[in-house]
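Asks: Give me the fold of what follows.
(2 chains)
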Amino acid sequence: DIQMTQSPSSLSASVGDRVTITCRASQGISSWLAWYQQKPEKAPKSLIYAASSLQSGVPSRFSGSGSGTDFTLTISSLQPEDFATYYCQQYDTFPFTFGQGTKLEIK
Amino acid sequence: QVQLQESGPGLVKPSQTLSLTCTVSGGSISSGGYYWSWIRQHPGKGLGWIGYISYSGNTYYNPSLKSRVTMSMDTSKNQFSLKLSSVTAADTAVYYCARAAFSSPGAFDIWGQGTMVTVSS
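Replies: Numbering: from 1, shown residues only, chains lettered A, B, ... in the order given. A predicted model of the protein is given here:
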């Protein structure tokens, strides 16, 4: 299975900050990468697909980049509703696999 | 818009079969163009993909669960289902159903709210 490793595992930041989360795949996955946001007791919400395509309805402060093995999710200016856990996921190779998550907390 | 809703028993005994159904509203599961997946999340842990069934009924299961998983669909009810046999406490998790477009079979754009399943005697 392809291993997805996110860093950091947790992050403290303030409203208005620019935040970057990194995701590394154990082998190349082209641009077959998605990002999700999950709030406590809620289902994950799709943010990004194909590494950099913004899902419909997602604010433009979210952006994704990368290809091959290294990817990033950037939030340009944190809003209070952005504090959550973020997951990357590859869908290049079966079985699809997720990163372990990055918990974004209020500083 | 399309919505997904999981349903099924919240408590299953060890060695029995876990059975869940995902009801799709706002769109037809057989109209083509989508894969319908099951994903689970162990308490306080990350996400794990179980497998999918396509609009035409083709399936792919995670090899780690393949021997115990069966997915099916009932187009007359606009539902798809998951059966997981011989469950143990390790199968205790929140189970989600999710949709992915045919062009990106692993990019899940719509999720159900999830249902907690506990395996215990």
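
Asks: Chain B against chain A: which residues are in contact?
Replies: B:46-49, B:51, B:60, B:62-64, B:96, B:100, B:104-114 (C-beta under 8 Å from any C-beta of the partner chain). Every residue, glycine included, has its C-beta placed from N, CA and C.

Asks: Can you tell me what sits against stretch B:59-79?
Replies: A:94-95, B:21-25, B:28-30, B:36, B:38, B:48-53, B:57, B:80-87 (C-beta atoms under 8 Å, 6 or more residues apart in numbering or on different chains).

Asks: Inside strands: which ones of the residues of chain B next to chain A?
Replies: In strands, judged by DSSP state E, the following of those are found: B:Leu47, B:Gly48, B:Trp49, B:Gly51, B:Tyr60, B:Tyr96, B:Ala100, B:Phe108, B:Asp109, B:Ile110, B:Trp111.

Asks: before we move on, the earlier item: can you say which of the residues of chain B next to chain A are buried?
Replies: Buried positions within those, assessed by neighbour count (16 or more other C-beta atoms under 10 Å in any protein chain shown), are B:46-49, B:51, B:60, B:62, B:96, B:100, B:104-112, B:114.

Asks: Okay, now the unreliable bits of chain A?
Replies: In the predicted model of chain A, no residue satisfies pLDDT under 70.

Asks: tell me which parts of it are close to chain B?
Replies: A:32, A:34, A:36, A:42-46, A:49-50, A:55, A:87, A:89-91, A:94-101.
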